[in-house]
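>>> no sequence on this one, just coordinates:
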């Protein structure tokens, strides 16, 4: 069907709740959605695409037909949509792959058993503890157990490697009992493994009680060395408990969600708490989203569609579209009351920030960046109201000496880092004298003329996600008409300095945004402002120096701009020209014998 035919079909739909099912030419389902009013929602796809994202436009281009199912309420539509998406996994719906599976703790057989985490049980004679749902918890438990009971984590095989080498760094640090160096007997090693397994099965409190009793008995029997080993082990367990309290909350159970949006990808992160302790952490990398509130709705709905446990409290990092409807869906599945919270202060806000930080790190790693760089870009995007963190930032500064030798510098920061291959210098040509606003207008006009006229491969062909000007609202006002006139849709802001020439604020719509309290964004903007100032003033100094040098040549009889330029091009420096003989000066193109004599006489006045 053509788009016109699809729109006619959509306009015939009723204004009541339902689910719509988009299909391609092969009758394959490519998108499933719900609607409170089917006619309005479905018809909006087939008409003007001015308000549609690229993803929606691509989906519509592949739609050949659609079906629909009417229901009585929007809640029923949500339940049906969730069920159909889980069944068909359409290409254009936001999907989360459930690859969690079960996890086990494995204890191998042999003279020197080893403890590790694994994804499945094999018929290999080993002992398995589990299954556990949380891969995070299993990895954490195994790592902590190996530390507490000083068991090896290396690839050495025992008894083959027993007593045959010096201990590694873990051995020197007291984190391993070093069987490789023969520092522990086989019997002691097996006892440590047995104690470790009991610790894993019984938990820290039961293990501490039992070890405390054993320590007291050993002490009473004057076995002080063995008692001291247990004392150190108990201390390690208690230290571990103290560390875990750092990531704990004063509620029985809570899930925390964060959605960090990049230019190409987004990261959806969840941290789960049970009994006040962090028990699980998961994340998914998905395509960049166009509308964060609606994306949060879909992602949280998909997450709980594949997880059985729904907590009494869910913390999120931002607005959720149709929050009450989603809450009704979750409560119906849980069979009990639950609530969404949007923390603004206290421990819950700290946990949400931790979740955002983890999402930043995962997204940054996927794009070859550092987490702190992406966090700074995201914080800056939030301050400026940008839909996504700016991947490509251009910044401009004007430099001159009382209106002489006017120049401008353009620096580029790509993914929060300087991209020096894209730096550009501009010599102001439109006028003489001091006019920073006019200079900024000229520079941006020339920059975007390059965008339209340069060949492919030029860095000028890359449109920035953000422009930062060194200066306040006057500079911004000078550039906005240029950007609008040339059909460029790029946000423009100014960088305002204090009286000590340090970054203080960002100029926006006649006002200012203070950024000092936003550490990551402040550091990034300060670095950009310092770099563009350094680049512009370096170019100005070089030009001013060359201008001053060439002015001495212009004082010589018979030497004009063209000959002065030829001399500097040939000899590179004034010092070299001064040292030349008449014959050497004549070797320069455009310089005749009379010119050479005049130049020699000028610099060798007696």
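Everything's here; your move. Given the structure is predicted, the values throughout are model-derived calculations rather than measurements.

>>> what's the neighbour count on residue 31?
When neighbours are counted by other C-beta atoms under 10 Å, residue 31 registers 22. Every residue, glycine included, has its C-beta placed from N, CA and C.

>>> Over to residue 554?
Residues lying near residue 554 (other C-beta under 10 Å) number 11.

>>> Might you report the residue contacts of it?
560, 561, 564 (C-beta atoms under 8 Å, 6 or more residues apart in numbering).

>>> what about the helices in the stretch 201-350 of the chain?
204-220, 224-245, 292-305, 323-334, 346-366 (DSSP state H, counting those that start in this stretch).

>>> got the ones you listed as TSV, with mean neighbour count, mean pLDDT and distance to residue 449 columns?
Below are the helices of the stretch 201-350 of the chain laid out as TSV (neighbours: other C-beta atoms under 10 Å; pLDDT from 0 to 100; distance: least, C-beta to C-beta, whole Å):
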stretch	mean neighbour count	mean pLDDT	distance to residue 449
helix 204-220	15	72	68
helix 224-245	14	63	59
helix 292-305	20	92	36
helix 323-334	16	93	48
helix 346-366	19	84	35
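
>>> nearest to residue 441, of these?
Proximity to residue 441, assessed across the helices of the stretch 201-350 of the chain by C-beta to C-beta, is greatest for helix 292-305 (35.2 Å).

>>> Please enumerate residues in contact with that closest one?
For helix 292-305, the surrounding residues in contact (C-beta under 8 Å, 6+ apart) are 78, 82, 85-86, 93-96, 257, 259, 261, 266, 268, 270, 286, 289, 310, 314, 316, 318-323, 326, 329-330, 333.

>>> Can you go through the residues you listed and name the buried ones?
Burial by neighbour count, judged by 16 or more other C-beta atoms under 10 Å, picks out 78, 82, 85, 93-96, 257, 259, 261, 266, 268, 270, 286, 289, 310, 314, 316, 320, 322-323, 326, 329-330, 333 from the contacts of helix 292-305.

>>> residue ranges of the strands in the stretch 301-450 of the chain, please?
Secondary structure of the stretch 301-450 of the chain (DSSP state E, counting those that start in this stretch): strands at 313-316, 339-341, 392-401, 404-414, 417-418, 424-427.

>>> packing partners for the first one?
Looking back up the chat, that one is strand 313-316. In terms of contacts (3 or more C-beta pairs under 8 Å, 6 or more residues apart in numbering; DSSP states H and E), strand 313-316 is packed against strand 253-261, helix 292-305, strand 339-341, helix 346-366.

>>> Which one of these lies nearest to residue 39?
Nearest of those (C-beta to C-beta): helix 292-305, 19.7 Å.

>>> what's the angle between that closest one and helix 323-334?
Angle, helix 292-305 to helix 323-334, by axes from the mean of the first three to the mean of the last three C-alpha atoms, to 10 degrees: 0 degrees.

>>> quick check: angle from helix 292-305 to strand 253-261?
Relative orientation of helix 292-305 versus strand 253-261 (the same axes, to 10 degrees): 140 degrees.

>>> Would you check the distance separating helix 292-305 from the middle of the chain?
Centroid separation for helix 292-305 versus its chain: 20 Å, with C-alpha atoms, centre = their mean, to the nearest Å.

>>> Number the chain from 179, please
With the count now opening at 179, the last piece we talked about shows up as helix 470-483.

>>> Show the model's pLDDT score for residue 191.
For residue 191, the pLDDT comes out at 93.

>>> my guess is it contacts residue 216, does it?
Yes: the pair residue 191 / residue 216 is scored as a contact, 4.5 Å apart, by C-beta atoms under 8 Å.

>>> Mutual contacts of those two, please.
residue 246.

>>> Of those two, which one has the most company?
residue 216 (24 against 20).

>>> where's that one relative to residue 732, distance?
From residue 216 across to residue 732, the span is 80 Å (C-beta to C-beta, to the nearest Å).

>>> Repeat that for residue 603.
Per C-beta to C-beta, residue 603 is found 24 Å from residue 732.

>>> Narrow the contacts of residue 732 to those in helices?
Mapping the contacts of residue 732 onto helices (DSSP state H) picks out 739, 742.

>>> Could you list the low-pLDDT ranges of the stretch 679-784 of the chain?
679, 688, 718, 721-730, 783-784 (pLDDT under 70).

>>> Please convert the helices and strands packed on strand 491-494 to a markdown table, extending it with distance to residue 208.
Supplementary listing: those in a markdown table, determined by distance: least, C-beta to C-beta, whole Å:
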| stretch | distance to residue 208 |
| --- | --- |
| strand 431-439 | 23 |
| helix 470-483 | 16 |
| strand 517-519 | 31 |
| helix 524-544 | 25 |
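
>>> Report the contact partners of the spatially most central residue of the chain.
By C-alpha atoms, centre = their mean, the chain has its centre lying nearest to residue 552, at 3.4 Å. Counting by C-beta under 8 Å, 6+ apart, residue 552 touches 438, 440, 538, 539, 541, 542, 545, 567, 593, 594.

>>> Check the burial of the last one by counting its neighbours.
Which is residue 594. 24.

>>> How about it: what's its closest non-neighbour residue?
Using C-beta to C-beta, 6 or more residues apart in numbering and skipping the chain neighbours, the partner closest in space to residue 594 is residue 551 (3.3 Å).

>>> related to what we said a few turns ago, nearest to residue 563, of the helices and strands packed on strand 491-494?
Closest approach to residue 563 among the helices and strands packed on strand 491-494 (C-beta to C-beta): helix 470-483, 12.5 Å.

>>> Mind checking the helices of the stretch 379-528 of the chain for the one nearest to residue 287?
Residue 287 sits nearest to helix 382-398 of all these, at 23.2 Å, using C-beta to C-beta.

>>> The closest one - contacts with which helices or strands?
helix 364-380, helix 402-423.

>>> ok and it relative to helix 364-380, angle-wise?
Relative orientation of helix 382-398 versus helix 364-380 (the same axes, to 10 degrees): 140 degrees.

>>> follow-up on the earlier one: would TSV of the helices of the stretch 379-528 of the chain with distance to residue 661 be doable?
Below are the helices of the stretch 379-528 of the chain laid out as TSV (distance: least, C-beta to C-beta, whole Å):
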stretch	distance to residue 661
helix 382-398	61
helix 402-423	52
helix 470-483	26
helix 501-512	37
helix 524-544	29
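
>>> Between those helices, which one is closest to residue 647.
helix 524-544 (27.2 Å).

>>> How far does the closest one sit from its chain's centre?
Mean-position distance between helix 524-544 and its chain equals 10 Å (C-alpha atoms, centre = their mean).

>>> now swap in stretch 702-721 and tell me
Relative to its chain's centre, stretch 702-721 lies at 26 Å (C-alpha atoms, centre = their mean).

>>> contacts for that stretch?
Defining contact as C-beta under 8 Å, 6+ apart, one finds that stretch 702-721 is touched by 551, 554-555, 558, 571, 573-579, 583, 585-589, 591, 594, 596, 601, 603, 605, 646, 648, 673, 675, 680-681, 684, 693.

>>> now residue 772, what's its secondary structure?
Put simply, residue 772 is helix when judged by DSSP: H, G, I helix; E, B strand; the rest coil.

>>> what's the nearest residue to it if we skip its chain neighbours?
Leaving aside its chain neighbours, residue 772 sits nearest to residue 736 (6.6 Å; criterion: C-beta to C-beta, 6+ apart).
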